[in-house]
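**Student:** Got a sequence here, can you build the structure:
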Amino acid sequence: MPYPAHVPIMRPLIIAIDGPSGAGKGTIARGIARELGYRHIDSGAMYRAVAWKAARDGVPLDNDAAVTSLAARSRIDVASNRVTIDDTDVTRAIRTPDIDRAAAAVARLPGVRGVLVDRQRQLGAGGGIVMEGRDIGTVVFPNADVKIYLDASPEERARRRAVDPAHTGVPAAVSDVATLLTQRDEQDRTRTASPLLAAKDAVIVDTTGKGVDEVVKEVLGVVKLKMADG
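**Tutor:** I've put the predicted structure just below:
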């Protein structure tokens, strides 16, 4: 099904898309980036890549200094369909339940967040990006041109994630996934460094029961309003 027509842009914007797991950030961010001809950056993939390398190298995930050092010396490239760390393709390896948990632990480390937030700002400094994550509109780009916070009901989020083999490996029981999502939500919202929350000036979009095209169109509408306001 085709997306809405491309939107002409007078200057490259920074578009921040935040929200919890299963809200549709990745799918919607890619759709928006495709329509605008922008680069899509999944900030969460950077934390996952660091977590994967730390686990591989036997670095304790609660050792801020050690994991921060690892992150600082690692070359991480996040493309639209490929993630590498030190030239190793980890695109599939970082999408597992074990890495879900490891990434949540790594994301709680202030030092690691400092390293990766700095890199994310460098990637998006020139605009023309759609960056997704959990703290893009609040911490990484508090002055982003457009801030979107995607959310969905817990049941909807669990259902989506349960049938997503990129995260579960195989279709999983919705109840089991719901438990994991609840735990991740609690970790993200209570962490000291950059907790998950909607920016005060973010537009909140509930994706419950909506198709991808519908949500992409809704977000593009917010972008058009921003353009009209200058």
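
**Student:** So which helix or strand of this structure has the lowest pLDDT on average?
**Tutor:** helix 165-168 (a mean of 56; mean pLDDT, DSSP states H and E).

**Student:** can you give me the mean pLDDT across the helix or strand that it is followed by?
**Tutor:** Using DSSP states H and E, the helix or strand that directly follows helix 165-168 along the chain is helix 174-190. Throughout helix 174-190, pLDDT has a mean value of 75.

**Student:** likewise stretch 120-133?
**Tutor:** 95.

**Student:** same thing with stretch 211-226?
**Tutor:** So the average pLDDT for stretch 211-226 ends up being 93.

**Student:** buried sites along that stretch?
**Tutor:** Val215, Val216, Glu218, Val219, Leu220, Val222, Val223, Lys226 (16 or more other Cβ atoms under 10 Å). Glycine gets a C-beta too; all of them are placed from N, C-alpha and C.

**Student:** What are the contacting residues of stretch 63-83?
**Tutor:** The contact list for stretch 63-83 (Cβ atoms under 8 Å, 6 or more residues apart in numbering) reads 30, 33, 39-43, 45-46, 48-50, 53-54, 57, 59-61, 84-87, 89-91, 94, 106, 109-112, 114-116, 119.

**Student:** quick check, distance from that stretch to the centre of its chain.
**Tutor:** Distance of stretch 63-83 from its chain centroid, counting by Cα atoms, centre = their mean, to the nearest Å, is 15 Å.

**Student:** what comes up buried for that stretch?
**Tutor:** Buried, per 16+ other Cβ under 10 Å, within stretch 63-83: Asp64, Ala66, Val67, Thr68, Leu70, Ala71, Ser74, Ile76, Val78, Val83.

**Student:** mind listing which of those residues are in helices?
**Tutor:** Asp64, Ala66, Val67, Thr68, Leu70, Ala71 (DSSP state H).

**Student:** Next one: the closest residue to Val59 other than its chain neighbours from Ile99, what distance?
**Tutor:** Leaving aside its sequence neighbours, Val59 sits nearest to Ala66 (Cβ to Cβ, 6 or more residues apart in numbering; 5.0 Å). For Ala66, the distance to Ile99 (Cβ to Cβ, to the nearest Å) stands at 18 Å.

**Student:** now Asp64
**Tutor:** Asp64 is 19 Å from Ile99, by Cβ to Cβ.

**Student:** same check, this time on Leu196
**Tutor:** 18 Å.

**Student:** repeat for Pro142
**Tutor:** According to Cβ to Cβ, Pro142 and Ile99 sit 28 Å apart.

**Student:** Give me the more crowded residue out of those two.
**Tutor:** Legend: neighbour count by other Cβ atoms under 10 Å for Pro142 and Ile99, higher for Ile99 (20 against 14).

**Student:** Fine by me, thanks again.
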